[in-house]
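Novice: Okay, sequence plus prediction incoming.
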Amino acid sequence: MRFLTPHDRRVRRRRRLLLAAAFLLGLIVLTLLDRAIFEALRVADRPRLERRDWYQFLRALGYAPTWIAVGAVLIACDAAARRMHAARPAHAARRGALTILGALLGGGLAELLKVVVARQRPINNGVADGAYVWGYPFEALAGGGNYGLASSHAGVAFGAAFVLARVAPGSGWVLIPLAIGCGVSRLLTGAHFATDVYVAAWLSGVIAAALCGRFGEGRAA
């Protein structure tokens, strides 16, 4: 574990406070805009939208097995690279495992948050008015509710994208916009509010930072 000087600790604490303030500010702004964004982006002909190839592609980025496959490819590639280059760092093979963990934890914790927060999706019981409807925490465990905060699809996509942005420098320029596209695809169908996607993205960012920090991987690039 790297020793932190008092200055380092102050800098880290200040950075965390700034990030928390940025998150809260963004959450407040999007909360005020949620209904307007829902009405502006929701596509009326949902079945037609869901048949589009580009939509299926973006939605699949929020499907955990997609990233399990990507992680497995990375593990295989890194294992082959280690065999060919004995001097290659042993921890290089972690990239695939961290990618899989980022996706699974991002989606899994988003699902857990749904149960705790218990806010219904914008289209609830066939009514698409974009209003907030709240349930009771943990009532989903008894089979109730149709909750959306946070979006597990977005959690999976951002969890994998943020991890890969750290362990494969430069990939974030491609993967993070794709994760945003996955989140937007959830808005187009009316399945989620913008805040559902926003919270999932931040949650996944925290997960990626914790995972990569724990295993000594690099910062996002």
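Specialist: Cool, got the structure. Just so we're clear, the structure is a prediction, and the values are computed from it rather than from any experiment.
Novice: Pull out the buried positions in the biggest helix by length in the chain.
Specialist: Using DSSP state H to define each element, the chain has its longest helix at helix 6-41. If you call a residue buried by 16 or more other C-beta atoms under 10 Å, then helix 6-41 has these buried ones: 23, 30, 34-35, 37-38. Heads up, the C-betas are built off the backbone N, CA and C, glycines and all.
Novice: elements contacting that helix?
Specialist: Secondary structure elements in contact with helix 6-41, counted by 3 or more C-beta pairs under 8 Å, 6 or more residues apart in numbering; DSSP states H and E, are helix 172-188, helix 194-214.
Novice: how big is the angle separating it from helix 194-214?
Specialist: Relative orientation of helix 6-41 and helix 194-214, computed by axes from the mean of the first three to the mean of the last three C-alpha atoms, to 10 degrees: 150 degrees.
Novice: Counting by contacts, list what the helix or strand where Asp78 lies packs against.
Specialist: Taking DSSP states H and E as the definition, Asp78 sits inside helix 64-84. Helices and strands touching helix 64-84, as assessed by 3+ C-beta pairs under 8 Å, 6+ apart, comprise helix 94-117, helix 152-167.
Novice: mind redoing it with 6 Å?
Specialist: Using 3 or more C-beta pairs under 6 Å, 6 or more residues apart in numbering; DSSP states H and E as the contact criterion, the neighbours of helix 64-84 among helices and strands are helix 94-117.
Novice: List the buried residues for the helix it packs on?
Specialist: Going by neighbour count (16+ other C-beta under 10 Å), the buried part of helix 94-117 is 94-110, 113-114, 117.
Novice: Name the residues of the helix holding Asp78 that are buried.
Specialist: Of the residues in helix 64-84, those buried under the neighbour-count criterion (16+ other C-beta under 10 Å) are 64, 66-68, 70-71, 74-75, 78.
Novice: Could you look over the helices and strands packed on helix 6-41 and pick the most buried one?
Specialist: Burial among these, expressed as mean neighbours by mean count of other C-beta atoms under 10 Å, is greatest for helix 194-214, which shows a mean of 22.
Novice: low pLDDT regions in this structure?
Specialist: Applying pLDDT under 70 to the predicted model, the residue ranges of the chain that meet it are 1-4, 85-93, 125-127, 144, 216-221.
Novice: repeat that with 90
Specialist: Applying pLDDT under 90 to the chain flags the ranges 1-12, 44, 77-94, 123-131, 133, 135-146, 213-221.
Novice: can you count the residues close to the residue nearest to Leu175 when sequence neighbours are not counted?
Specialist: Excluding its sequence neighbours, the residue lying closest to Leu175 (C-beta to C-beta, 6 or more residues apart in numbering) is Ala161, at 3.9 Å. A count of neighbours around Ala161, defined by other C-beta atoms under 10 Å, yields 30.
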